[in-house]
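Engineer: just coords:
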Ligand SMILES: [Zn+2]
């Protein structure tokens, strides 16, 4: 189904990093499961 992405994310609870549990900023939504810090560690 088609959902307006802006509306879709606005209705979601904050994403949390699966490594540290930190809230992930929406601007980093492309990384989905990891915050900036954990992405750097894993890189
Ligand atoms: Zn993290």
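Structural biologist: Everything's here; your move. Keep in mind it's a predicted model, so treat the numbers as computed, not measured.

Engineer: contacts, neighbours, all on C-alpha from now
Structural biologist: Fine.

Engineer: residue numbers of this protein in contact with the ion?
Structural biologist: 17, 19-20, 35, 38 (C-alpha under 5 Å from the ion).

Engineer: repeat the analysis, applying 8 Å as the threshold.
Structural biologist: Contact residues, the chain versus the ion (C-alpha under 8 Å from the ion): 16-22, 34-39.

Engineer: any weak-confidence spans in the chain?
Structural biologist: Scanning the chain for pLDDT under 70 picks out 1, 8-10, 12, 26-32, 41-43.

Engineer: can you do 90?
Structural biologist: By pLDDT under 90, the low-scoring segments of the chain are 1-17, 22-43.

Engineer: okay, helices next: where are they in it?
Structural biologist: Counting by DSSP state H, the chain has helices at residues 5-10, 36-42.

Engineer: in the last one, what's buried?
Structural biologist: Translated: helix 36-42. Within helix 36-42, no residue is scored as buried using 16 or more other C-alpha atoms under 10 Å.

Engineer: run through who's touching it.
Structural biologist: With contact meaning C-alpha atoms under 8 Å, 6 or more residues apart in numbering, helix 36-42 is reached by 17, 19-20, 24, 28.

Engineer: for residue 24, give me its contacts.
Structural biologist: 14-17, 32, 34-36.
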